[in-house]
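In: Here's my sequence, what's the structure:
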Amino acid sequence: MTANRHAISKNALKLNMAKDSRKHYLFASDFDKTLTFNDSGYVLSELLGISVEEFERKANGMSKLNLVQQGAELSYLLLHDPAFHSQVRREHLVEVGKNIRLKENIKQVYEILDSKIDGFHFDFYVLSAAPVEVIQSALDGIVPQDHIFGTEFKYKPSGEIESLVRATAGYGKVTRLEQLVEELGVPADHVVYVGDGNSDLHVMLQVNRRDGFTIAVSESKLVAQIAKRTVLSDNALPALVPILEEIAGWHRPQIRQLFESYGFLIQGWDRVQTDWVTLRPTGGKDEIGAPVEEK
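Out: Numbering: from 1, shown residues only. The predicted structure is shown next:
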């Protein structure tokens, strides 16, 4: 019995030493349109019976007036717009999360980053301007709740939203990311951030400035120009490709083998460089802009 205990202790010690020897990274991802196909604001509007056109009009109006940080438009509507503020309760936000259409295989991405890349461990966190209740509900059973940071509200006893506690939008994302880096003890150049839109620009610039790694998952020009790599897919798994190549040093056959172990064949894998060229006629006529793709 004593010999068995010693053997178990030695095995546990070896396992801990192996874990400690792995390179530790922080993987932070946006939520809306990065891990999902639709935006929280659209789903909530549909639930409340507010038209898409009306939601877009209100949100776009605030963006143009720079009333709020980009990405926090929904939070502003929940706090100040009568059509939203009078109706929305915490349970509505939870219901929105259940109706969000997630990209496939987020759970597998979490698993791979945690323990499937030899010599590396990535802590998976979500940083988003979406209400935290929406994200936690949508990612229930996939990402631990304490790894999710979204906009937090204070509620009245009636369930009505009373005030804003914290918004993870714009520079708020930068602040939260810096706090995580310090809490986890991760070097600044061991940070990976994945995003899709203009609300991710501040945090991507900060990550790049500190020699971290940024990945865009949309064709948005501003984001794609800043991100070190861009990956377009309707599945969450391909976002791992730049990490496996650039950080872990894997080659394509090894990456294909990993995806096949999860039941996926890489049918197409094209890398295209896009140059956005705008031409202005010498006569002072309207601009003509077109993307020029180079293989």
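
In: residue contacts, D200?
Out: Listed by C-beta atoms under 8 Å, 6 or more residues apart in numbering, the contact partners of D200 are D30, G71, K173, Y193, V223. In short, each C-beta sits where N, CA and C put it, glycine included.

In: same question, V186
Out: V186 makes contacts with H24, Y25, L26, D123, L180, as judged by C-beta under 8 Å, 6+ apart.

In: circling back to that earlier point, in strands only, show me the contacts of D200.
Out: Here DSSP state E is the test, and the contacts of D200 give Y193 as lying in strands.

In: ok, back up a step: between the contacts of V186, which sits nearest L237?
Out: Distances from the contacts of V186 to L237 were compared by C-beta to C-beta; the smallest belongs to Y25, at 17.6 Å.

In: Serialize the contacts of V186 to a markdown table and add fields for neighbour count, pLDDT and distance to K103.
Out: Supplementary listing: the contacts of V186 in a markdown table, determined by neighbours: other C-beta atoms under 10 Å; pLDDT from 0 to 100; distance: C-beta to C-beta, whole Å:
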| residue | neighbour count | pLDDT | distance to K103 |
| --- | --- | --- | --- |
| H24 | 15 | 97 | 26 |
| Y25 | 24 | 98 | 21 |
| L26 | 23 | 98 | 21 |
| D123 | 15 | 98 | 20 |
| L180 | 18 | 96 | 23 |
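
In: now, which of those sits nearest A129?
Out: Ranking the contacts of V186 by separation from A129, with C-beta to C-beta as the measure, puts L180 on top at 16.3 Å.

In: Give the next helix or strand downstream of the helix or strand where M62 lies.
Out: Element membership for M62 (DSSP states H and E) is helix 52-65. Once the chain leaves helix 52-65, the next helix or strand it forms, by DSSP H and E, is helix 73-80.

In: in that next one, what counts as buried?
Out: Across helix 73-80, burial judged by 16 or more other C-beta atoms under 10 Å covers E73, L74, S75, Y76, L77, L78, L79.

In: and the angle for it with helix 52-65?
Out: Computed by axes from the mean of the first three to the mean of the last three C-alpha atoms, to 10 degrees, the angle separating helix 73-80 from helix 52-65 equals 100 degrees.

In: can you tell me the average pLDDT over the next helix or strand after helix 73-80?
Out: Proceeding C-terminally, helix 73-80 gives way to helix 82-85 as the next helix or strand, assigned by DSSP H and E. Across helix 82-85, pLDDT averages out at 91.
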